[in-house]
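**Q** show me how the following folds:
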Amino acid sequence: MFTQIATVVAIAAGAAATPVVRQNSGQATYYQASGGTGSCGQQLSDSQMGVAVSSNMGCTSMCGKNVEITSNGNTVSAPVVDCCPSCEENHIDLLPKVFESLGISQSEGVAQVSFTLQ
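**A** This is a model prediction of the structure:
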């Protein structure tokens, strides 16, 4: 009996140590932070790297976690700094610096991306 309990505890501990990775593909838009405060509690700037994720994804629990984003053959990593209430789960909103780092012109407005939340 003790061996079975120890095995279950060991398996549970190993599962808890495994990071949750969410891989998605969808669209990205950009938004102007204009010095406002994001849902994660920090003041935002258009010149910083940052991502807003869907409120449906439990965004405030993801504050500070990195998102790896790929588009146009470019990959960047940026932290979750805000929530996007109007975004679906396959839609992320990027601060302008992230958008431009992916080689996407702001005049395009929307881009197809793949992204991994870690």
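**Q** state the mean pLDDT of the strand ranked longest in the chain.
**A** Secondary structure of the chain per DSSP state E: the longest strand is strand 74-84. Averaging pLDDT along strand 74-84 yields 97.
**Q** strand partners (parallel or antiparallel) of the next helix or strand after it?
**A** Following strand 74-84 in sequence order, the next helix or strand is strand 91-94 (DSSP states H and E). Here strand 91-94 is paired, per DSSP bridges, with strand 22-30 (parallel), strand 51-54 (antiparallel).
**Q** returning to that earlier point: buried set for the longest strand of the chain?
**A** Neighbour counts over strand 74-84 (16 or more other Cβ atoms under 10 Å) mark Val76, Ala78, Pro79, Val80, Val81, Asp82, Cys83, Cys84 as buried. C-beta coordinates here come from the backbone N, C-alpha and C atoms, glycine included.
**Q** tell me the one of these nearest Ser61?
**A** Nearest to Ser61, judged by Cβ to Cβ, of the buried residues of strand 74-84 is Val80 at 9.4 Å.
**Q** residues touching the residue nearest to that closest one when sequence neighbours are not counted, list them.
**A** Closest residue to Val80 apart from its sequence neighbours, by Cβ to Cβ, 6 or more residues apart in numbering: Met62 at 4.5 Å. With contact set as Cβ atoms under 8 Å, 6 or more residues apart in numbering, Met62 has these partners: Val53, Val80, Leu117.
**Q** just to revisit the earlier point, mean neighbour count, the strands paired with strand 91-94: which tops it?
**A** strand 51-54 (a mean of 26; mean count of other Cβ atoms under 10 Å).
**Q** on that earlier part again, can you flag the weakest of the strands paired with strand 91-94 by average pLDDT?
**A** When the strands paired with strand 91-94 are ranked by mean pLDDT, strand 22-30 comes last with a mean of 88.
**Q** next one: it to chain centre, how far?
**A** Taking Cα atoms, centre = their mean, to the nearest Å, one finds the center of strand 22-30 at 9 Å from the center of the full chain.
**Q** doesn't Ser77 make contact with Asn66?
**A** Yes. Look at Asn66 against Ser77 with Cβ atoms under 8 Å: they come within range, at 5.1 Å.
**Q** residue nearest the centroid of this structure?
**A** Most central in the chain under Cα atoms, centre = their mean is Val67, positioned 4.0 Å from the mean C-alpha point.
**Q** sweet, I'm off.
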